[in-house]
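1. 3D, please:
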Amino acid sequence: MPTLVMLHGLFGHLHVPEIEAEYVGWDLCAPDLMGYGTYADSNTSHLSLSDQVEHVIGFIEALGSDRVHLLGHSVGGAVAMLVAHRRPDLLKSLCTVEGNFTLKDAFWSAKIAETDDAEVEAIVQGYRQDPDAWMAGAIDEPSDLTRRLAREWLDNQPASTIKAQARAVVDATTPKNYLSDLRAVLESDLPVHLIAGSRSADGWDVPRWANNLCATRFNIPRTGHLMMVENPKAFAKAVQTAIDFG
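-> Predicted coordinates:
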């Protein structure tokens, strides 16, 4: 049974039954990154993306299975790419789902990273007062699933984690060697798949060389940045088709 490890973005988690149900015959894992969910009480005052990479590597090693397929969404896409750069021997393939290639992709992280702690707390509290409006910024048609997840995702981590993770993303993606490390992954033998929502694809700052070097590129129709909850079935089909192709 193939194993797919899915890494979440700046908010929330991906251990969602409606997502998992679409992967029949797969061992699906959606671990929390440091500072989130199970690890929400972690000290994130000096959190780096390298810490998240080591956390994911430890998780994969603890599975004790053969190589895994790794998927990362948004900020999790940056983590996944760096896992692939550091430990390609653990992976069969990599899917980056609108993962951060440049600071243009990480514009929200850049804004949060420069905001003082009290204001970040106030921003998150504002989202919690109207979670449906927060989720509506990324989806076209609200559903019972997106309404439920809006609340779950906002409660999955403290505001301090959001600030720490945002700062870590900016620190990691700013140096010139970040893109060269990502290019090395795409130039390797590891199949790398790029997945986007059709509504948000044009805003994804994918270098031309990444589009040329990737194994597949999928834009899922009628979805945006949160495509995996907007249309779990279409998202799963894209992921599995990409992996099968690679």
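2. now the lowest-mean-pLDDT helix or strand in the chain: buried residues?
-> Sorted by mean pLDDT, DSSP states H and E, the helices and strands of the chain end with helix 107-113, the least confident at a mean of 88. When neighbours are counted by 16 or more other Cβ atoms under 10 Å, the buried residues of helix 107-113 are found to be 108-110, 112-113. Heads up, the C-betas are built off the backbone N, CA and C, glycines and all.
3. restrict it to CA atoms and write it as PDB.
-> What follows is helix 107-113, C-alpha atoms only, in PDB (Å, rounded to 0.1, in the frame of the first residue of the first chain):
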ATOM      1  CA  PHE A 107       3.300  37.600   0.700                       C
ATOM      2  CA  TRP A 108       1.000  36.900   3.600                       C
ATOM      3  CA  SER A 109       3.800  35.400   5.600                       C
ATOM      4  CA  ALA A 110       5.900  38.400   4.900                       C
ATOM      5  CA  LYS A 111       3.200  40.700   6.200                       C
ATOM      6  CA  ILE A 112       2.600  38.700   9.400                       C
ATOM      7  CA  ALA A 113       6.400  38.400  10.000                       C
END
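4. how about residues contacting the very next helix or strand once past it?
-> The helix or strand immediately downstream of helix 107-113 is helix 117-129, counting by DSSP states H and E. Outside helix 117-129, the residues that touch it by Cβ atoms under 8 Å, 6 or more residues apart in numbering are 112, 115, 134, 151, 154-155, 159-160, 162-163.
5. which of the residues you listed are buried, as a PyMOL select command?
-> In PyMOL, this line selects whichever of the contacts of helix 117-129 come out buried by 16+ other Cβ under 10 Å:
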select buried, resi 112+115+134+154+159+160+162+163
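6. between the contacts of helix 117-129, which is nearest Leu90?
-> Closest approach between those and Leu90, by Cβ to Cβ: Ile162, at 27.8 Å.
7. name the SS class of that closest one, please.
-> When classified by DSSP: H, G, I helix; E, B strand; the rest coil, Ile162 comes out as helix.
8. check contacts around it.
-> So Ile162 contacts 10-11, 112, 120, 124 (Cβ under 8 Å, 6+ apart).
9. quick one: low-confidence parts of the chain?
-> Applying pLDDT under 70 to the chain flags residues 246.
10. what about the strands in it?
-> All strands of the chain, identified by DSSP state E, fall at 3-7, 27-29, 68-73, 91-97, 192-197, 216-220.
11. would you confirm that Ser200 contacts Gly224?
-> Yes. Contact criterion Cβ atoms under 8 Å: Ser200 and Gly224 qualify, at 4.5 Å.
12. shared neighbours, the two?
-> Listed as contacting both Ser200 and Gly224 by Cβ under 8 Å, 6+ apart are Ala138.
13. with adjacent residues omitted, what lies nearest to His193?
-> Among residues not flanking His193 along the chain, Ala242 sits closest, at 3.9 Å (Cβ to Cβ, 6 or more residues apart in numbering).
14. what's near enough to touch the spatially most central residue of the chain?
-> Computing the C-alpha centroid of the chain and ranking residues by Cα atoms, centre = their mean puts His73 first, at 2.1 Å. Counting by Cβ under 8 Å, 6+ apart, His73 touches 6-9, 14, 97-99, 228.
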